[in-house]
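> Sequence first, then the predicted structure, then my questions.
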Amino acid sequence: MRALKYILLFLLILIIGGSIYIATLKADYNIKSTRLIKVPIEVVFEEINDFKNWNNWGPWLEMDSTIVASFPKITSGVGASYSWTGKEGNGSMKTISLTPKKEIIQQIDFGSGSTPEVFWELNTVENGTEITWGMRGKNSFSEKLYWLYKGGIEKNMIPMYDRGLELLDQHLSKEMEKHSFNFKGVVDYGGGFYLYQTTSCKMHLFTFKMREMLEKVSSYMDKNSIEKYGKPFILYHNWDDENKTTMFSVCFPVNERIITTGDVLTGFLEPVKTFKTEFIGDYKFSNQAWLAAYKAITDAGLTAIENGEPFEIYKVGPENTTNPTKWVTEIYIPIN
């Protein structure tokens, strides 16, 4: 009987001591993971701001395949939320504040009594976006006990955030490769006046020269209060694959003939019968778009004019959005 009392006393001391130890453990925590993603900050922000996208890269789905997410009407922006159920437990999350393309603060509820903050921090860097994902809060006594048994909150959560950012990187990098070619068929293009600059260069310098000239012509028009009557376009005079050279003009449409000075000139595009192709995606796929357009012309039983001057109009470009999957280029190839 005495031995039993000693055992009970020992257990009581152990429980009290353990409780005191757990109570003295640090309650506050701030854990996070950071990764460089070679994707524009606008794209990254749009992805993480909408809870419906989280199923594309959420690391918890690898740990618990039974998780089922439920979404209300609002899933992005302040006030957005979602909830989930799974064998590991249920929970919910809501967005409480954000600064576009910079920060998102969310509140997560595991049903344990505390509601820690989940935070996202975004910064534009030279090669893309630096993204930080983390959680901060204060553990209750029961949560301290739980994480002590699990080996610590940092040991369990940081690997999950690391994996989540890795999956996010993989998903967005794959999304950036999306592009499409839509063949609109025969179109009578009306033509008209335009202001332009012309140059010849090696093909590898085309993008640099094109952007430089776009800026010069646009600045000239703004400085001289000349209104732009449409999106800029590139008129191709020559494309020499053998010598890797090209001659082209950068053009902005105007509504009438304008007398210019300096190296910005006025041109006129005659009305022309063309085959139109809509290209959606990053400019790095432009060559594929042109090849597909010429093939579509052949497949349709049409013939491109041998010495014709095709052109492309930049309907949506980098000046409208940094997301290249939303860039829209219209390709017009003169046909007989």
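Okay, I see it.

> Distance check, the spatially most central residue of the chain against residue 178.
Residue closest to the average C-alpha location in the chain (C-alpha atoms, centre = their mean): residue 43, at 2.0 Å. Look at residue 43 and residue 178: by C-beta to C-beta, to the nearest Å, they are 11 Å apart. For every residue, glycine as well, the C-beta is placed using N, CA and C.

> now residue 232
For residue 232, the distance to residue 178 (C-beta to C-beta) stands at 24 Å.

> who's more crowded, the two?
Applying other C-beta atoms under 10 Å to residue 232 and residue 178 shows that residue 232 carries more neighbours, namely 23 against 12.

> what's the next secondary structure element after the helix or strand of the chain with the lowest mean pLDDT?
Lowest by mean pLDDT, DSSP states H and E among the helices and strands of the chain is helix 2-24, with a mean of 44. Per DSSP states H and E, the first helix or strand lying C-terminal to helix 2-24 is strand 28-37.

> as a whole number, average confidence for that following strand?
For strand 28-37, mean pLDDT rounds to 89.

> Mind listing what's buried along it?
By 16 or more other C-beta atoms under 10 Å, the buried positions in strand 28-37 come out as 29, 31, 33, 35, 37.

> residue ranges of the helices in the stretch 201-336 of the chain, please?
In the stretch 201-336 of the chain, the helices defined using DSSP state H, counting those that start in this stretch lie at 206-223, 286-299.

> Could you dump those helices into CSV with mean pLDDT, distance to residue 172 and mean neighbour count added?
CSV is the format used below for these (pLDDT from 0 to 100; distance: least, C-beta to C-beta, whole Å; neighbours: other C-beta atoms under 10 Å):
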stretch, mean pLDDT, distance to residue 172, mean neighbour count
helix 206-223, 94, 23, 15
helix 286-299, 96, 21, 15
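
> can I get these in JSON lines with distance to residue 194?
Below are the helices of the stretch 201-336 of the chain laid out as JSON lines (distance: least, C-beta to C-beta, whole Å):
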{"stretch": "helix 206-223", "distance to residue 194": "9"}
{"stretch": "helix 286-299", "distance to residue 194": "21"}
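
> nearest to residue 188, of these?
Nearest to residue 188, of all these, is helix 286-299, at 15.5 Å by C-beta to C-beta.

> just the angle between that closest one and helix 206-223, please?
Following axes from the mean of the first three to the mean of the last three C-alpha atoms, to 10 degrees, one obtains 90 degrees for the angle between helix 286-299 and helix 206-223.

> which one is residue 214 nearest to, not counting chain neighbours?
residue 250 (5.3 Å; C-beta to C-beta, 6 or more residues apart in numbering).

> Go through stretch 75-89 and flag the buried ones.
75, 80, 81, 82, 83, 84, 86.

> same check, this time on stretch 104-113
Result for stretch 104-113 [16+ other C-beta under 10 Å]: buried residues 104, 105, 106, 107.

> which residues touch the nearest residue to residue 311 once chain neighbours are set aside?
If the residues on either side of it in the chain are set aside, residue 311 comes closest to residue 235, at 4.6 Å by C-beta to C-beta, 6+ apart. Residues in contact with residue 235 (C-beta atoms under 8 Å, 6 or more residues apart in numbering) are 196, 248, 249, 251, 267, 269, 309, 311.
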